[in-house]
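Colleague: predicted structure and sequence below. I'll ask about it afterward.
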Amino acid sequence: MIDVSRLAEAGSPEELLVRRLDLERLPRHVAIIMDGNGRWARARGLPRVHGHRAGVEAVRDTVEAAARLELDVLTLYAFSVENWKRPRYEVWALMNLLKEYLRRELPTLIENGIRFSPLGRWRELDPSVVAALETALDATRDCSGMQLNIAVNYSGRCEIVDACRQIVSDWASGKGTDIDEETMGRYLYTAGQADPDLMIRTSGESRISNFMLWQCAYSEFDFVDTLWPDFRRRHLYEAILDYQRRERRYGAVSDPSRDRESEASARAERASEVD
Ligand code: FPP
């Protein structure tokens, strides 16, 4: 049961947003492309890494709010396979921020029953980063609350390639099964998790940037102008409100009964023409 009093301070603007949320119709999985750290820093005349550091506070606030909303899954895109093209110092700083975040937040994650998983080719990272990720993964394995995924050294295309390689290898060792959409889902990094219902990208960019390409087939997208370091729980609540105003049709029609009526009248019209 969601404790509404923990979602926002009484009398705060966040509380007004929370009151408008339909808590029975929350997205199960929210995925976020955290973007705009560099621009946030540049606007303040600071080096880019200051933007990343400020972004960690946004991560903390968002994780806390998502867990209190009892979302099933929150996925954050922290570092893509393409991000290796950035200056070495920036990559180093990002890896250190990730390690520091995990070290500092692990007790809070455990306390709140949050299960952590890295998504991506994370085992190829520096051993110190792998160790930090493994520690958090192991320590939260039995947690039964929200699933927190952090995509690191991640690429949606690589994820599909990795899944295909594993399927082929299982076939070669006699463990092959029918290959259908359900099978593919079981071989992805997100096996067993619901696909994202809502995908948010900050900083005004409207791109998918190689993120959860298979899983976002029917996600609702929300491109918000806020730069990631300024993102707070109210922005998450606003995005969920926007999501709840949308109609998800999954390729079907919105009101089949109205459609049946118009089909019947078309049939009647055709029949009268024949007469
Ligand atoms: C994109 O902004 C952001 C990233 C590539 C990294 C995101 C990392 C963090 C928020 C901090 C560490 C993460 C965790 C989970 C603790 P950008 O640099 O591309 O911004 P720009 O488009 O304005 O240049």
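Modeller: Okay, I see it.
Colleague: neighbouring strands of the helix or strand harbouring Val30 in the sheet, and parallel or not?
Modeller: Under DSSP states H and E, the secondary-structure element containing Val30 is strand 29-33. Sheet pairing of strand 29-33 (DSSP bridges) gives strand 73-80 (parallel), strand 198-201 (parallel).
Colleague: mean pLDDT and mean neighbour count added to the ones you listed, as a markdown table?
Modeller: (C-beta placed from N, C-alpha, C; glycine too.) Converted to a markdown table, these look like this (pLDDT from 0 to 100; neighbours: other Cβ atoms under 10 Å):
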| stretch | mean pLDDT | mean neighbour count |
| --- | --- | --- |
| strand 73-80 | 98 | 24 |
| strand 198-201 | 98 | 25 |
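Colleague: and the ones you listed as TSV, adding distance to the ligand?
Modeller: Below are the strands paired with strand 29-33 laid out as TSV (distance: least, Cβ to the nearest ligand atom, whole Å):
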stretch	distance to the ligand
strand 73-80	4
strand 198-201	10
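Colleague: tell me the contacts of the nearest residue to Leu188 once chain neighbours are set aside?
Modeller: Among residues not flanking Leu188 along the chain, Ala163 sits closest, at 5.4 Å (Cβ to Cβ, 6 or more residues apart in numbering). Shown in contact with Ala163 (Cβ atoms under 8 Å, 6 or more residues apart in numbering): 184, 187-188.
Colleague: which phi and psi does Ala163 have?
Modeller: phi -60, psi -40 (degrees, to the nearest 10).
Colleague: how about the residues of the stretch 1-150 of the chain by the ligand?
Modeller: Proximity of the stretch 1-150 of the chain to the ligand (Cβ under 6 Å from any ligand atom) is limited to residues 34-39, 52, 55-56, 59, 76, 78, 83, 94, 97-98, 101, 150.
Colleague: looking at these, which are in helices?
Modeller: When those are checked against helices (DSSP state H), the matches are 37-39, 52, 55-56, 59, 94, 97-98, 101.
Colleague: what is the nearest of those residues to Leu109?
Modeller: Tyr101 (10.1 Å; Cβ to Cβ).
Colleague: for the closest residue to Thr177 other than its chain neighbours, identify the helix or strand it belongs to.
Modeller: Sequence neighbours aside, Thr183 is the residue nearest to Thr177 in space, at 6.1 Å (criterion: Cβ to Cβ, 6+ apart). Using DSSP H and E, Thr183 maps to helix 181-187.
Colleague: may I ask you to confirm that Tyr187 is in contact with Gln166?
Modeller: Yes: the pair Tyr187 / Gln166 is scored as a contact, 5.2 Å apart, by Cβ atoms under 8 Å.
Colleague: closest point of the protein to the ligand, which residue?
Modeller: The chain approaches the ligand most closely through Gly38 (2.4 Å), counting by Cβ to the nearest ligand atom.
Colleague: excluding its backbone neighbours, what's nearest that residue?
Modeller: Going by Cβ to Cβ, 6+ apart, Gly38 has Arg48 as its nearest residue, at 4.5 Å.
Colleague: show me the contacts for the one you found.
Modeller: Arg48 makes contact with 37-38, 41-42, 90, according to Cβ under 8 Å, 6+ apart.
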